[in-house]
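Undergrad: with the sequence up front, the predicted model follows.
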Amino acid sequence: MARVKDAREAMGIVRSQWHPGDPEMVNMTARRRGLVWVVKYDDLSVRGTKHEVHIKAETGEFTMDE
């Protein structure tokens, strides 16, 4: 994976994980905390679940909450 330079790229990584049939992602924000981009978003499911994704700025590796 490649280096993540800005919030737009971080949010693009998260959006690329969406699949047809998944709840839509809304209220997406991205902030950098040291060497990690933190992307938060809500989904439009019945429960309106909040999600947080951590992306390593240097490598682009990420972990998504489940």
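TA: Alright, I've got the coordinates. Residues are numbered from 1 along each chain as shown.

Undergrad: secondary structure element for the residue of the chain positioned farthest from its centre?
TA: Computed with Cα atoms, centre = their mean, the residue of the chain farthest from its C-alpha average is Val46, at 20.2 Å. Val46 belongs to no helix or strand when assigned by DSSP states H and E.

Undergrad: I'd like the distance between the closest residue to Val26 other than its chain neighbours and Lys50.
TA: Excluding the flanking residues, the one nearest Val26 by Cβ to Cβ, 6 or more residues apart in numbering is Asp42, at 5.3 Å. Glycine gets a C-beta too; all of them are placed from N, C-alpha and C. Separation of Asp42 from Lys50 (Cβ to Cβ, to the nearest Å): 5 Å.

Undergrad: need phi/psi at the closest residue to Ala7 other than its chain neighbours.
TA: Of all residues not flanking Ala7 in the chain, Ala30 sits nearest, at 3.8 Å (Cβ to Cβ, 6+ apart). Per-residue torsions, Ala30: phi -140, psi 140 (degrees, to the nearest 10).

Undergrad: list of residues touching stretch 30-44?
TA: 4, 7-8, 10-11, 13-14, 22-29, 48-58 (Cβ atoms under 8 Å, 6 or more residues apart in numbering).

Undergrad: just these: which are in strands?
TA: 25-29, 50-56 (DSSP state E).

Undergrad: most neighbours, which of those residues?
TA: Ile55 (25 neighbours; other Cβ atoms under 10 Å).

Undergrad: tell me where the model's unsure across this protein.
TA: Within the chain, the segments meeting pLDDT under 70 span 1, 66.

Undergrad: which parts of it are helices?
TA: Applying DSSP state H to the chain gives helices spanning 7-15.

Undergrad: and Gln17, how far is that from Arg33?
TA: In terms of Cβ to Cβ, Gln17 sits 20 Å off from Arg33.

Undergrad: ok, Arg15 touching Met25?
TA: Yes - applying Cβ atoms under 8 Å as the test, Arg15 and Met25 come out as touching, 6.7 Å apart.
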